[in-house]
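Enquirer: this is the structure alone, sequence omitted:
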(Lines give C-alpha, C1' and ligand atoms only; values in the text may rest on other atoms or scores of the structure.)
Protein backbone atom coordinates (compact mmCIF):
# COMPACT_ATOMS: atom_id res chain seq x y z
CA UNK A 1 0.00 0.00 0.00
CA UNK A 2 1.44 3.34 -1.09
CA UNK A 3 1.40 5.95 1.69
CA UNK A 4 0.52 9.51 0.63
CA UNK A 5 0.77 12.67 2.73
CA UNK A 6 -0.79 15.95 1.58
CA UNK A 7 0.90 18.86 3.32
CA UNK A 8 -1.55 21.74 3.06
CA UNK A 9 -4.59 19.52 2.63
CA UNK A 10 -6.96 22.26 3.78
CA UNK A 11 -6.11 24.51 0.82
CA UNK A 12 -7.89 24.53 -2.54
CA UNK A 13 -5.36 22.32 -4.36
CA UNK A 14 -4.85 20.02 -1.38
CA UNK A 15 -8.58 19.41 -1.07
CA UNK A 16 -8.89 18.62 -4.78
CA UNK A 17 -5.97 16.17 -4.63
CA UNK A 18 -7.59 14.47 -1.64
CA UNK A 19 -10.91 14.20 -3.48
CA UNK A 20 -9.17 12.52 -6.42
CA UNK A 21 -7.35 10.03 -4.20
CA UNK A 22 -9.67 9.24 -1.28
CA UNK A 23 -11.49 6.34 -3.00
CA UNK A 24 -8.38 4.61 -4.37
CA UNK A 25 -7.71 1.21 -2.86
CA UNK A 26 -3.99 1.24 -3.70
CA UNK A 27 -3.24 4.26 -1.49
CA UNK A 28 -3.27 5.02 2.20
CA UNK A 29 -3.62 8.75 2.92
CA UNK A 30 -1.72 9.82 6.03
CA UNK A 31 -3.80 12.21 8.10
CA UNK A 32 -2.87 14.51 10.97
CA UNK A 33 -5.26 15.96 13.51
CA UNK A 34 -5.96 19.68 13.38
CA UNK A 35 -3.74 20.41 16.39
CA UNK A 36 -0.75 18.60 14.86
CA UNK A 37 -0.84 19.97 11.30
CA UNK A 38 1.51 22.83 12.16
CA UNK A 39 3.82 20.77 14.37
CA UNK A 40 7.05 20.63 12.34
CA UNK A 41 8.36 17.47 14.01
CA UNK A 42 5.11 15.60 13.43
CA UNK A 43 4.88 16.78 9.82
CA UNK A 44 8.49 15.77 9.20
CA UNK A 45 7.85 12.29 10.57
CA UNK A 46 4.71 11.92 8.43
CA UNK A 47 6.55 13.02 5.29
CA UNK A 48 9.50 10.72 5.80
CA UNK A 49 7.21 7.78 6.50
CA UNK A 50 5.33 8.37 3.24
CA UNK A 51 6.00 7.16 -0.30
CA UNK A 52 4.56 10.31 -1.86
CA UNK A 53 4.28 13.81 -0.41
CA UNK A 54 2.25 16.59 -2.04
CA UNK A 55 3.19 20.13 -1.02
CA UNK A 56 0.18 22.45 -1.31
CA UNK A 57 1.72 25.38 0.49
CA UNK A 58 2.91 28.97 0.01
CA UNK A 59 6.30 29.15 -1.70
CA UNK A 60 8.48 29.82 1.35
CA UNK A 61 6.73 27.17 3.41
CA UNK A 62 7.03 24.69 0.52
CA UNK A 63 10.81 25.22 0.42
CA UNK A 64 11.02 24.59 4.15
CA UNK A 65 8.82 21.50 3.87
CA UNK A 66 10.83 20.04 1.00
CA UNK A 67 13.98 20.36 3.09
CA UNK A 68 12.37 18.23 5.81
CA UNK A 69 12.16 15.18 3.54
CA UNK A 70 15.28 13.09 4.16
CA UNK A 71 13.96 9.70 3.05
CA UNK A 72 15.61 9.09 -0.33
CA UNK A 73 12.68 6.93 -1.42
CA UNK A 74 9.99 9.58 -0.83
CA UNK A 75 8.61 11.28 -3.94
CA UNK A 76 7.87 14.98 -3.38
CA UNK A 77 5.43 16.76 -5.72
CA UNK A 78 5.36 20.49 -5.12
CA UNK A 79 2.24 22.33 -6.27
CA UNK A 80 3.68 25.75 -5.39
CA UNK A 81 5.87 28.02 -7.51
CA UNK A 82 8.92 27.38 -5.33
CA UNK A 83 10.74 24.72 -7.37
CA UNK A 84 9.48 25.12 -10.95
CA UNK A 85 12.78 26.49 -12.21
CA UNK A 86 14.99 24.84 -9.57
CA UNK A 87 17.81 22.45 -10.43
CA UNK A 88 17.18 18.86 -9.45
CA UNK A 89 13.41 19.10 -9.86
CA UNK A 90 11.64 17.50 -12.83
CA UNK A 91 9.11 19.80 -14.48
CA UNK A 92 5.78 18.00 -14.27
CA UNK A 93 4.39 18.36 -17.78
CA UNK A 94 4.88 14.88 -19.29
CA UNK A 95 3.20 15.67 -22.61
CA UNK A 96 5.87 18.17 -23.62
CA UNK A 97 8.41 15.56 -24.69
CA UNK A 98 9.68 12.05 -24.11
CA UNK A 99 12.46 13.60 -22.06
CA UNK A 100 9.99 15.34 -19.73
CA UNK A 101 8.01 12.13 -19.24
CA UNK A 102 11.17 10.10 -18.54
CA UNK A 103 12.41 12.68 -16.05
CA UNK A 104 9.11 12.54 -14.13
CA UNK A 105 9.14 8.74 -14.12
CA UNK A 106 12.62 8.70 -12.60
CA UNK A 107 12.29 11.70 -10.27
CA UNK A 108 11.97 11.98 -6.52
CA UNK A 109 11.37 15.72 -6.80
CA UNK A 110 8.66 16.96 -9.19
CA UNK A 111 7.52 20.57 -9.63
CA UNK A 112 3.88 20.81 -10.69
CA UNK A 113 3.37 23.45 -13.43
CA UNK A 114 1.42 26.64 -12.85
CA UNK A 115 -2.08 26.86 -14.31
CA UNK A 116 -1.48 29.79 -16.68
CA UNK A 117 1.98 28.42 -17.44
CA UNK A 118 0.50 25.08 -18.49
CA UNK A 119 -1.60 26.76 -21.16
CA UNK A 120 1.20 29.01 -22.41
CA UNK A 121 3.84 26.29 -22.46
CA UNK A 122 1.52 23.81 -24.19
CA UNK A 123 1.20 26.35 -27.01
CA UNK A 124 4.72 27.77 -27.21
CA UNK A 125 7.04 24.85 -26.39
CA UNK A 126 6.27 23.02 -29.68
CA UNK A 127 6.77 26.24 -31.66
CA UNK A 128 10.28 26.69 -30.28
CA UNK A 129 11.20 23.00 -30.38
CA UNK A 130 10.20 22.67 -34.05
CA UNK A 131 11.70 25.97 -35.17
CA UNK A 132 8.43 27.71 -36.01
CA UNK A 133 9.25 30.85 -34.05
CA UNK A 134 12.57 32.16 -32.76
CA UNK A 135 13.47 32.17 -29.09
CA UNK A 136 13.41 35.97 -29.09
CA UNK A 137 9.95 36.30 -30.69
CA UNK A 138 8.05 39.13 -28.91
CA UNK A 139 5.37 36.88 -27.42
CA UNK A 140 2.24 38.19 -25.74
CA UNK A 141 -0.03 36.05 -23.59
CA UNK A 142 -3.64 36.93 -22.76
CA UNK A 143 -5.46 34.79 -20.19
CA UNK A 144 -8.66 34.61 -18.17
CA UNK A 145 -9.34 32.45 -15.14
CA UNK A 146 -12.14 31.73 -12.73
CA UNK A 147 -11.72 33.06 -9.22
CA UNK A 148 -10.84 29.69 -7.66
CA UNK A 149 -7.33 30.31 -8.93
CA UNK A 150 -7.05 33.11 -6.36
CA UNK A 151 -6.91 30.69 -3.42
CA UNK A 152 -9.02 30.51 -0.27
CA UNK A 153 -8.89 34.24 0.47
CA UNK A 154 -9.85 35.18 -3.09
CA UNK A 155 -12.65 32.61 -3.18
CA UNK A 156 -14.05 34.01 0.07
CA UNK A 157 -14.03 37.53 -1.39
CA UNK A 158 -15.89 36.48 -4.54
CA UNK A 159 -18.43 34.33 -2.69
CA UNK A 160 -19.15 36.80 0.11
CA UNK A 161 -22.81 37.92 0.39
CA UNK A 162 -21.66 41.54 0.31
CA UNK A 163 -18.63 42.31 -1.82
CA UNK A 164 -16.77 44.99 -3.72
CA UNK A 165 -18.61 45.87 -6.99
CA UNK A 166 -15.23 45.70 -8.78
CA UNK A 167 -15.47 41.92 -8.50
CA UNK A 168 -18.45 41.99 -10.87
CA UNK A 169 -16.11 42.68 -13.80
CA UNK A 170 -13.02 40.94 -15.18
CA UNK A 171 -9.99 42.31 -13.32
CA UNK A 172 -6.60 42.65 -14.98
CA UNK A 173 -3.66 42.07 -12.65
CA UNK A 174 0.12 41.45 -12.70
CA UNK A 175 0.39 45.00 -14.02
CA UNK A 176 4.09 45.21 -13.16
CA UNK A 177 4.85 42.26 -15.49
CA UNK A 178 6.32 40.21 -12.63
CA UNK A 179 3.73 37.43 -12.45
CA UNK A 180 5.10 34.37 -10.64
CA UNK A 181 4.47 32.10 -13.65
CA UNK A 182 6.70 34.08 -16.01
CA UNK A 183 10.03 32.46 -14.97
CA UNK A 184 8.80 28.94 -15.77
CA UNK A 185 7.10 30.10 -18.97
CA UNK A 186 10.40 31.53 -20.18
CA UNK A 187 12.72 28.78 -18.93
CA UNK A 188 10.73 25.72 -20.01
CA UNK A 189 10.18 27.16 -23.50
CA UNK A 190 13.84 28.29 -23.74
CA UNK A 191 12.83 31.86 -24.56
CA UNK A 192 15.44 34.60 -24.61
CA UNK A 193 12.80 37.35 -24.33
CA UNK A 194 10.30 37.46 -21.48
CA UNK A 195 6.68 37.48 -22.74
CA UNK A 196 4.21 40.23 -21.99
CA UNK A 197 1.56 38.58 -19.82
CA UNK A 198 -1.87 40.04 -19.04
CA UNK A 199 -4.02 37.72 -16.92
CA UNK A 200 -7.59 38.47 -15.84
CA UNK A 201 -9.46 37.02 -12.87
CA UNK A 202 -13.19 36.84 -13.61
CA UNK A 203 -16.49 36.40 -11.80
CA UNK A 204 -17.00 32.70 -12.43
CA UNK A 205 -15.69 29.84 -10.34
CA UNK A 206 -13.51 27.68 -12.52
CA UNK A 207 -11.96 27.28 -15.96
CA UNK A 208 -9.22 29.01 -17.90
CA UNK A 209 -8.28 30.04 -21.41
CA UNK A 210 -4.77 31.14 -22.36
CA UNK A 211 -4.15 32.80 -25.74
CA UNK A 212 -0.99 33.65 -27.69
CA UNK A 213 -1.26 35.74 -30.90
CA UNK A 214 1.28 35.40 -33.71
CA UNK A 215 2.13 37.46 -36.79
CA UNK A 216 2.98 35.25 -39.76
CA UNK A 217 5.66 37.59 -41.07
CA UNK A 218 7.55 37.37 -37.76
CA UNK A 219 7.63 33.56 -37.71
CA UNK A 220 10.68 31.56 -38.80
CA UNK A 221 8.38 29.06 -40.48
CA UNK A 222 5.13 30.89 -41.32
CA UNK A 223 2.65 28.05 -40.98
CA UNK A 224 -1.01 28.87 -41.42
CA UNK A 225 -3.93 27.54 -39.43
CA UNK A 226 -3.83 24.07 -41.00
CA UNK A 227 -0.04 23.84 -40.71
CA UNK A 228 -0.11 24.72 -37.01
CA UNK A 229 -2.95 22.28 -36.38
CA UNK A 230 -0.84 19.53 -37.93
CA UNK A 231 2.13 20.57 -35.82
CA UNK A 232 0.19 20.29 -32.58
CA UNK A 233 -1.52 17.10 -33.67
CA UNK A 234 1.83 15.46 -34.33
CA UNK A 235 3.58 16.88 -31.28
CA UNK A 236 0.88 15.68 -28.88
CA UNK A 237 0.05 12.44 -30.71
CA UNK A 238 -0.79 9.69 -28.25
CA UNK A 239 -1.27 12.06 -25.32
CA UNK A 240 -4.25 11.25 -23.15
CA UNK A 241 -4.77 14.70 -21.68
CA UNK A 242 -3.66 17.19 -24.37
CA UNK A 243 -5.52 17.34 -27.66
CA UNK A 244 -6.20 19.58 -30.64
CA UNK A 245 -9.79 20.84 -30.74
CA UNK A 246 -12.02 23.11 -32.82
CA UNK A 247 -14.80 25.49 -31.87
CA UNK A 248 -17.35 26.09 -34.62
CA UNK A 249 -19.64 28.48 -32.75
CA UNK A 250 -17.34 31.48 -33.01
CA UNK A 251 -17.07 31.66 -29.21
CA UNK A 252 -14.59 29.86 -26.97
CA UNK A 253 -15.81 29.46 -23.39
CA UNK A 254 -13.16 29.07 -20.71
CA UNK A 255 -15.04 26.53 -18.59
CA UNK A 256 -15.65 23.64 -21.01
CA UNK A 257 -12.87 21.46 -19.54
CA UNK A 258 -14.01 21.87 -15.95
CA UNK A 259 -13.91 18.72 -13.85
CA UNK A 260 -11.40 17.06 -16.18
CA UNK A 261 -7.64 16.81 -16.57
CA UNK A 262 -7.86 17.83 -20.24
CA UNK A 263 -6.01 20.64 -21.97
CA UNK A 264 -7.42 21.57 -25.37
CA UNK A 265 -5.54 23.51 -28.05
CA UNK A 266 -7.25 25.71 -30.64
CA UNK A 267 -5.71 27.34 -33.72
CA UNK A 268 -7.62 30.23 -35.27
CA UNK A 269 -6.92 33.28 -37.40
CA UNK A 270 -5.88 33.90 -40.98
CA UNK A 271 -2.78 34.03 -43.18
CA UNK A 272 -1.46 37.20 -41.54
CA UNK A 273 -2.52 36.86 -37.91
CA UNK A 274 -2.94 33.68 -35.90
CA UNK A 275 -4.49 33.10 -32.49
CA UNK A 276 -3.44 30.09 -30.43
CA UNK A 277 -5.53 29.19 -27.38
CA UNK A 278 -5.28 26.58 -24.66
CA UNK A 279 -8.28 25.73 -22.50
CA UNK A 280 -8.08 23.85 -19.21
CA UNK A 281 -9.52 23.56 -15.72
CA UNK A 282 -7.31 25.72 -13.51
CA UNK A 283 -7.95 23.25 -10.66
CA UNK A 284 -7.53 20.19 -12.92
CA UNK A 285 -4.70 20.09 -15.45
CA UNK A 286 -3.72 23.43 -13.94
CA UNK A 287 -3.25 22.04 -10.42
CA UNK A 288 -4.57 18.89 -8.72
CA UNK A 289 -5.13 16.80 -11.85
CA UNK A 290 -1.59 17.37 -13.07
CA UNK A 291 -0.25 16.56 -9.59
CA UNK A 292 -2.06 13.21 -9.49
CA UNK A 293 -1.01 12.47 -13.08
CA UNK A 294 2.62 13.11 -12.12
CA UNK A 295 2.30 10.85 -9.09
CA UNK A 296 0.88 8.05 -11.24
CA UNK A 297 3.78 8.32 -13.69
CA UNK A 298 6.37 8.42 -10.91
CA UNK A 299 4.83 5.29 -9.36
CA UNK A 300 4.78 3.46 -12.70
CA UNK A 301 0.99 3.42 -12.89
CA UNK A 302 -1.46 4.34 -15.64
CA UNK A 303 -1.17 8.15 -15.78
CA UNK A 304 -4.96 8.48 -15.98
CA UNK A 305 -5.71 6.49 -12.82
CA UNK A 306 -8.39 8.39 -10.82
CA UNK A 307 -8.42 11.16 -13.42
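Expert: Arrived safely. A quick note: this is a predicted structure, and the numbers were derived from the prediction, not measured.

Enquirer: contacts and neighbour counts: CA atoms only from here.
Expert: Fine.

Enquirer: care to break this protein down by domain?
Expert: 2-113+287-298, 115-282 (automatic domain parsing).

Enquirer: can you give me the strands in the stretch 1-150 of the chain?
Expert: Taking DSSP state E, counting those that start in this stretch as the test, the strands found in the stretch 1-150 of the chain are 2-7, 27-30, 52-55, 75-78, 90-91, 109-111, 140-146.

Enquirer: as JSON lines, the ones you listed with mean neighbour count would be great.
Expert: Below are the strands of the stretch 1-150 of the chain laid out as JSON lines (neighbours: other CA atoms under 10 Å):
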{"stretch": "strand 2-7", "mean neighbour count": "21"}
{"stretch": "strand 27-30", "mean neighbour count": "16"}
{"stretch": "strand 52-55", "mean neighbour count": "27"}
{"stretch": "strand 75-78", "mean neighbour count": "26"}
{"stretch": "strand 90-91", "mean neighbour count": "26"}
{"stretch": "strand 109-111", "mean neighbour count": "26"}
{"stretch": "strand 140-146", "mean neighbour count": "21"}
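
Enquirer: before we move on, the earlier item: redo the domains of the chain as a markdown table? Include mean pLDDT and distance to residue 304.
Expert: Shown next, in a markdown table, are the domains of the chain (pLDDT from 0 to 100; distance: least, CA to CA, whole Å):
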| stretch | mean pLDDT | distance to residue 304 |
| --- | --- | --- |
| domain 2-113+287-298 | 95 | 6 |
| domain 115-282 | 96 | 8 |
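
Enquirer: as a markdown table, these with distance to residue 307 would be great.
Expert: Putting the domains of the chain into a markdown table (distance: least, CA to CA, whole Å) gives the following:
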| stretch | distance to residue 307 |
| --- | --- |
| domain 2-113+287-298 | 7 |
| domain 115-282 | 7 |
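
Enquirer: ramachandran angles for residue 158?
Expert: Phi and psi for residue 158, reported as degrees, to the nearest 10, are phi -70, psi -30.

Enquirer: so what's it up against?
Expert: Each residue near residue 158 by CA atoms under 8 Å, 6 or more residues apart in numbering is listed here: 147, 167, 203.

Enquirer: buried ones in stretch 249-267?
Expert: Residues of stretch 249-267 classed as buried: 254-267 (neighbour count, 16 or more other CA atoms under 10 Å).

Enquirer: what do you get for stretch 168-175?
Expert: Buried residues in stretch 168-175 (16+ other CA under 10 Å): residue 170.

Enquirer: and it, end to end?
Expert: 19 Å (CA to CA, to the nearest Å).

Enquirer: and the contacts of that stretch?
Expert: Taking CA under 8 Å, 6+ apart as the rule, stretch 168-175 contacts 197-203.

Enquirer: how about the helices in this structure?
Expert: Here the chain has its helices, by DSSP state H, at 12-21, 40-48, 59-68, 98-106, 115-129, 151-159, 182-188, 225-235, 289-298.

Enquirer: out of those helices, which is closest to residue 218?
Expert: helix 115-129 (12.7 Å; CA to CA).

Enquirer: now for that closest one, which elements pack on it?
Expert: Here helix 115-129 touches helix 182-188, strand 208-215, helix 225-235, strand 273-280, going by 3 or more CA pairs under 8 Å, 6 or more residues apart in numbering; DSSP states H and E.

Enquirer: redo those as a markdown table? Include distance to residue 241.
Expert: Below are those laid out as a markdown table (distance: least, CA to CA, whole Å):
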| stretch | distance to residue 241 |
| --- | --- |
| helix 182-188 | 19 |
| strand 208-215 | 15 |
| helix 225-235 | 13 |
| strand 273-280 | 10 |
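
Enquirer: dump those to JSON lines, plus distance to residue 41 and mean neighbour count.
Expert: Output for the helices and strands packed on helix 115-129, formatted as JSON lines (distance: least, CA to CA, whole Å; neighbours: other CA atoms under 10 Å):
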{"stretch": "helix 182-188", "distance to residue 41": "32", "mean neighbour count": "19"}
{"stretch": "strand 208-215", "distance to residue 41": "38", "mean neighbour count": "23"}
{"stretch": "helix 225-235", "distance to residue 41": "46", "mean neighbour count": "17"}
{"stretch": "strand 273-280", "distance to residue 41": "38", "mean neighbour count": "23"}
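
Enquirer: what's near enough to touch the nearest residue to residue 305 once chain neighbours are set aside?
Expert: Excluding its sequence neighbours, the residue lying closest to residue 305 (CA to CA, 6 or more residues apart in numbering) is residue 296, at 7.0 Å. Contact analysis of residue 296 by CA under 8 Å, 6+ apart lists 302-305.
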